[in-house]
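In: Give the three-dimensional model of this entry:
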Amino acid sequence: MTNIIEKAEAYVFDLFKEELDHTFLYHNFTHTERVLRSLREIISHSEISKQDAEILQLAAILHDTGYTKTRDGHEEESVKIATKFLNDHGVDKSIIDAVNACIMATKFKDSPKTELEKIIRDADASHFGKDYFKETSEFLRKEFEIQGIATYSPSEWLEGNIKVLTEKHTFYTDYALKNWQPQKESNLASLIKEKNKQKKREKREKQKAKYKAQYKNESPERGIQTFYRVALRNHIKLSDIADTKANILLSVNAIIISLVLSNLMSKLDNPSNQYLIIPTAIFTVSSVISMVLSIIATKPNITRGEFTKEDVENKDVNLTFFGNFHKMELNEYQWAINELLKDKDYVYSSLTKDLYFLGKVLDRKYRILRLTYNIFMIGMIISVLSFAVSFKLQSNKKLEDVISIKIEKNDVKTPIKDAYIVSNF
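Out: Numbering: from 1, shown residues only. Predicted coordinates:
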């Protein structure tokens, strides 16, 4: 029978290598070797016959071969594979039946009845009482996850392991109870300790989140800071927009004036271009006024840039605006800031003043810009209309001059006006 055990080991090794899916991280040949090793440990400390020992070893080697066919009901498939293998090697039917009974005893749900079934069950679950329990357990969790059977979080798997060790598993043989039970209890204690740590950590995190949310909801400081931050940012953006609009007007009117000076002014000396003087003047004046107003809109105002200690003590100076401190010495400004930061109300008062005066500056800028755009728009319209009217009047005058010249050549004494009327019939 020793020969058949070696053949069974070689057969299972080749079977797993060729047919077992690589996703079986736990139920593989390593697990089979582990069970066989634990089984031999029990056998060496038990009084069982040589034949029973060989039956147990064959069952341990062949008990998981059914995983090459299916996961559910793999014990039945293992029995089929074992029966065929043992029949092919001329093993007695009584031994085959005994091996198959031991294989079916590895079903975790059923309680073992015979001594052999108790031994094979303890060997199959020996990792519960070994120091490598956590390692093998993690392999099983990963196997479930990869194969899509179930996905467990670390806390869920920890809870499941504690439940298995406390409620579902027990050792049956005297050897396992004496030698593996202490390590099992140590493994269980380690799991419980880890669970308690996890609970404390989760509780601490929940309390932290609760206090954070409570502080966020109850404390008005965050809302106040957000208000000032958003308001100041909006004011600065609006100021940038106003400066951009003013720069656009400056650039456009500068180009217009350059074109007027280079193209129209040189032609106004000619008597025949006298009709262009008024439209050009309107065009130029409207552009110059627009430029001046754009410059006024963007022109910075510089304040005195100084403050006294009395101003700081009486909270009369706004230290957030550079115009109030740009002439002060660094040590004086640092002192003033320190005084400001000591009083929360003074800080908010300074920010409020900053907002208010920024608003006043924006109001002035946008009023001037609105007036500038109106002047620029009206000036463009009037200029274009005046150029059109001037060109029309000039063309009519030229037509009258031509008619007058023709009449004079023909010695016709009809008034110019009548000749023009006649010519239109």
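
In: Pull the number of nearby residues for Glu54.
Out: 20 (other CB atoms under 10 Å). In this view, the C-beta of every residue, glycine as well, is placed from N, C-alpha and C.

In: same question, Glu329
Out: Other residues near Glu329 come to 9 when the count uses other CB under 10 Å.

In: Next, the buried residues of stretch 348-359.
Out: Ser350, Leu351, Lys353, Asp354, Leu355, Leu358 (16 or more other CB atoms under 10 Å).

In: now, among the residues you listed, which is nearest to Lys245?
Out: Leu358 (17.2 Å; CB to CB).

In: And the closest one, how close does it get to Leu36?
Out: Separation of Leu358 from Leu36 (CB to CB, to the nearest Å): 83 Å.

In: got the buried residues of stretch 348-359 as TSV, with distance to Ile43 and pLDDT columns?
Out: Below are the buried residues of stretch 348-359 laid out as TSV (distance: CB to CB, whole Å; pLDDT from 0 to 100):
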residue	distance to Ile43	pLDDT
Ser350	87	81
Leu351	84	83
Lys353	91	83
Asp354	88	82
Leu355	88	85
Leu358	90	85
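
In: Just give me the closest of these to Val288.
Out: Distances from Val288 to the buried residues of stretch 348-359, taken by CB to CB, are shortest for Leu358, at 30.0 Å.

In: quick one: which helix or strand includes Ala82?
Out: Here Ala82 sits within helix 74-88, counting by DSSP states H and E.

In: Please tell me I have it right and Ser390 contacts Ile278.
Out: Yes: counting by CB atoms under 8 Å, Ser390 does reach Ile278; the two are 6.8 Å apart.

In: Check the burial of the closest residue to Ile4 other than its chain neighbours by counting its neighbours.
Out: Distances taken as CB to CB, 6 or more residues apart in numbering place His89 nearest to Ile4, at 5.7 Å, with adjacent residues excluded. Close neighbours of His89, defined as other CB under 10 Å, add up to 12.

In: pretty sure His89 is touching Lys7, no?
Out: Yes: His89 is in contact with Lys7 according to CB under 8 Å; the separation is 6.5 Å.

In: now do the same end-to-end measure for stretch 310-327.
Out: 17 Å (CA to CA, to the nearest Å).

In: just to revisit the earlier point, now for the helix holding Ala82, which elements pack on it?
Out: Helices and strands touching helix 74-88, by 3 or more CB pairs under 8 Å, 6 or more residues apart in numbering; DSSP states H and E, are helix 2-19, helix 50-62, helix 93-104.

In: Quick one: work out the angle between the first one and helix 93-104.
Out: Going back to what we said before, that points to helix 2-19. 50 degrees (axes from the mean of the first three to the mean of the last three CA atoms, to 10 degrees).

In: Give me the contacts around the helix or strand following helix 2-19.
Out: Later in the chain than helix 2-19, the nearest helix or strand by DSSP H and E is helix 29-44. The set of residues external to helix 29-44 that reach it, using CB atoms under 8 Å, 6 or more residues apart in numbering, is 9, 12-13, 16-17, 20, 53, 56-57, 60-61, 63-64, 119-120, 122-124, 126-127, 130, 136, 173, 175-176.

In: give me that answer again for 7 Å
Out: The contact list for helix 29-44 (CB atoms under 7 Å, 6 or more residues apart in numbering) reads 12-13, 16, 53, 56-57, 60-61, 64, 119-120, 122-124, 126-127, 173, 175-176.

In: what's the burial count for the residue lying closest to Ile55 once chain neighbours are set aside?
Out: The shortest distance from Ile55 to any non-neighbouring residue, by CB to CB, 6+ apart, is to Ala98 (4.7 Å). Each residue near Ala98 was counted by other CB under 10 Å, and the total is 20.

In: thinking again about what came up before, okay, the helices and strands packed on helix 74-88 in a markdown table with mean pLDDT and distance to Glu339 next?
Out: A markdown table is the format used below for these (pLDDT from 0 to 100; distance: least, CB to CB, whole Å):
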| stretch | mean pLDDT | distance to Glu339 |
| --- | --- | --- |
| helix 2-19 | 92 | 81 |
| helix 50-62 | 94 | 84 |
| helix 93-104 | 94 | 87 |
